[in-house]
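Chemist: Need the 3D shape of this:
(one chain, ligands or ions: 1)
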Amino acid sequence: MNDIAAQYQKFILRRPLMALIHTPAVVIHVTDYGESDKIVTFYTQKYGKTAAIAKGAKRSKKRFLNKLEYFSLLDIIADTARHSSLLRLDQAELIAPYPFLRKSIQYYNGAMLICELMRLGTRENDCDDKLYNLLVWSLSELNKGQSMSDIIIFFQLRMLKLMGYQLSLSCCTNCGIKISNVNTFSFSAVHNGLVCTRCIPVRGGQFSSLSMNTIKTLEMGQSLSLEKLSRLKFSQQSTREALTLLRNYIPYLLQRDVHSWKQLEQNFVD
Ligand SMILES: [Zn+2]
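Modeler: Purely as a prediction, here's the structure:
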């Protein structure tokens, strides 16, 4: 069975035709549709990424008041339709509005990056509990006012890991020399890992330089449980190096621009 057919079968098995679906869901994208409707993309706990039309959402403020906003965690009930992949949103109850993310432009931009990466990096109806938990954990930590840069680094590291692109940080991908204080290393997006200074001329391409401290913190960021992750802190230099690496690597993997980075970079201008 090819990939598309397998995905479709998985989707059909998960989502009964002409039935109600009921699931916790995070709003990751909202767009106006016609005079009165909105199309909302959710990342749901039970069905992965799913889009729904909210009829009358622009006109009737009451029904979905303050609910169909970016990052809101909702409990939704929606109808599936036999001939459309678009659901019809019937009800949405607010579980967590994350108000702090709407008061701080910095945190708003950080949360927007997370939503954009969820939208670009996932497929429709491909359910992943761990990714859903990571999304809710990241928004909730940002809402508590934890370090914005740390949380968006952790989110991206863990998202890469769940997508099968865990950063390879133990040795040079060309000569195999292990990381140590004696050598300096850079990260190569093309080779999904480290390259030592000696091998850079052989490997070619673009590199993001990484200090030993950054490599160690990134490794811990990939392996710690979510409960312990919020205690891990990046130094200023490591934050800069990790953000540069991710800023180059993720658009390379997705083969497209990530627009939220442009807004977010304003936060890091000295
Ligand atoms: Zn090497």
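Chemist: what's in contact with stretch 205-224?
Modeler: 153-154, 157-158, 161, 166-167, 169-170, 179-181, 184-191, 194-195, 200, 229, 232, 234-235, 237-238, 241-242, 244-245, 248-249 (CB atoms under 8 Å, 6 or more residues apart in numbering). Backbone N, C-alpha and C define where each C-beta goes, glycine included.
Chemist: Show the buried residues in those.
Modeler: Neighbour counting with 16 or more other CB atoms under 10 Å marks 153-154, 157-158, 161, 167, 169, 179, 185-189, 191, 194-195, 200, 229, 234, 238, 241-242, 245, 249 as buried within the contacts of stretch 205-224.
Chemist: which residues of the stretch 101-250 of the chain fall in helices?
Modeler: Taking DSSP state H, counting those that start in this stretch, the helices of the stretch 101-250 of the chain run over residues 105-121, 129-143, 148-162, 200-203, 212-223, 226-229, 236-254.
Chemist: Out of these, flag the one nearest the ion.
Modeler: Taking CB to the ion, helix 200-203 is the member of those nearest to the ion, at 7.8 Å.
Chemist: pLDDT on stretch 148-166, on average?
Modeler: The average pLDDT within stretch 148-166 is 96.
Chemist: how distant is it from the center of its chain?
Modeler: In terms of CA atoms, centre = their mean, to the nearest Å, the gap separating the centre of stretch 148-166 from the centre of its chain is 7 Å.
Chemist: Now do it: everything it contacts.
Modeler: Counting by CB under 8 Å, 6+ apart, stretch 148-166 makes contact with 106-107, 110, 113-114, 117-118, 121, 128, 130-131, 134-135, 138, 141-142, 167, 192, 218, 221-222, 226, 229-230, 232-234, 239, 242-243, 246, 249-250, 253, 264, 267-268, all of which sit outside it.
Chemist: returning to that earlier point: mean pLDDT for the helices of the stretch 101-250 of the chain: which is lowest?
Modeler: Mean pLDDT is lowest for helix 200-203 out of these, coming in at a mean of 80.
Chemist: Is any residue of that helix near the ion?
Modeler: No - using CB under 5 Å from the ion, helix 200-203 stays clear of the ion, coming no nearer than 7.8 Å.
Chemist: residues in contact with the residue located most distally from the centre of the chain?
Modeler: Relative to the centre of the chain, the most outlying C-alpha is that of Val182, 34.8 Å out, by CA atoms, centre = their mean. With contacts defined as CB under 8 Å, 6+ apart, Val182 has no neighbours.
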